[in-house]
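> Structure here, sequence nowhere to be found:
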């Protein structure tokens, strides 16, 4: 029998997302990605208090933590500071309460978003103590591929797709771009593209020239289906190879802006 429970203890400072089965949208200003990188888990503890999270629902099964073998996180959101804070909080909750879990299944449906927030999640997941399986459930686009590439085992539903393209930066909305602004925008885009380039080297079977071409222009973007993504090494496992065991806990993260 499953029960819906708030994440954390009864201490209000440790609750996020769902309170006794009642959904609520968190309020407060989101923390910056740089702050997350600097503060690590200590900052996550602070964000419990400030409630800078996307909406999260937690369903926990019965049984002791000692017998738990798997947990799942459904990430159905854009990549931003709020949603990534929730993702990191969910993963931390799993590793803290169920350290013996063999598989954490991360189901991704995301249109991408912030490169900085995506990179925070990438580095966090690379150092995560439990084994993570990433599953593309529909779309894993742009910055969301950073989350996907962070997992050692990568799966996909047969009709899902991926979007690989260059990073983009915002520009002034008044219709004018001065020389120094153009230079700054170019440098910012190059810096964000470097994240894609370095991470894709270990995630895609692309030659250096092909990777440079991919990230040089939006016209070179790639929308990959299942077979092409598998051929390029983005998908590493067949879907039926995903371990099927009852989840001790399931986390649902959404901000209403997955696409």
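Arrived safely. All of these numbers come straight from a predicted model, not from anything done at the bench.
> Which strand or helix spans residue 137?
strand 132-141 (DSSP states H and E).
> ok, that strand: who's next to it in the sheet?
In the sheet, strand 132-141 lines up against strand 103-110 (parallel), strand 153-156 (parallel), strand 161-164 (parallel) (DSSP bridges).
> got the ones you listed as a markdown table, with distance to residue 236 columns?
No exception for glycine: its C-beta is placed from N, CA and C like everyone else's. Formatted as a markdown table, the strands paired with strand 132-141 follow (distance: least, Cβ to Cβ, whole Å):
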| stretch | distance to residue 236 |
| --- | --- |
| strand 103-110 | 14 |
| strand 153-156 | 5 |
| strand 161-164 | 13 |
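> With mean pLDDT, distance to residue 117 and mean neighbour count added, can I get those in TSV?
Formatted as TSV, the strands paired with strand 132-141 follow (pLDDT from 0 to 100; distance: least, Cβ to Cβ, whole Å; neighbours: other Cβ atoms under 10 Å):
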stretch	mean pLDDT	distance to residue 117	mean neighbour count
strand 103-110	98	11	24
strand 153-156	98	20	22
strand 161-164	98	17	20
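> closest one to residue 230 among the ones you listed?
Closest approach to residue 230 among those (Cβ to Cβ): strand 153-156, 7.9 Å.
> what sits up against the closest one?
131-136, 140, 148, 162, 226, 229-230, 234-239, 241-242 (Cβ atoms under 8 Å, 6 or more residues apart in numbering).
> what does stretch 157-166 give?
Stretch 157-166 has contacts (Cβ under 8 Å, 6+ apart) with 112, 135-142, 145, 148, 156, 189, 193, 196, 200, 204, 214-218, 220-226, 229, 234, 239.
> what's the answer for stretch 179-191, then?
If you take Cβ under 8 Å, 6+ apart as the criterion, stretch 179-191 is touched by 166, 167, 168, 169, 171, 172, 177.
> For residue 152, see how far away residue 93 is.
Distance of residue 93 to residue 152, computed by Cβ to Cβ, to the nearest Å: 21 Å.
> ok, those two, which is more surrounded?
Neighbours per residue (other Cβ atoms under 10 Å) separate residue 93 from residue 152, with residue 93 holding more: 21 against 13.
> so that one sits in a strand?
No: read with DSSP: H, G, I helix; E, B strand; the rest coil, residue 93 is helix and lies in no strand.
> List the buried residues of stretch 225-234.
By neighbour count on 16 or more other Cβ atoms under 10 Å, the buried set for stretch 225-234 is 226, 229, 230, 232, 234.
> Farthest pair within these?
The most widely separated members of these, counting by Cβ to Cβ, are 226 and 232 (11.2 Å).
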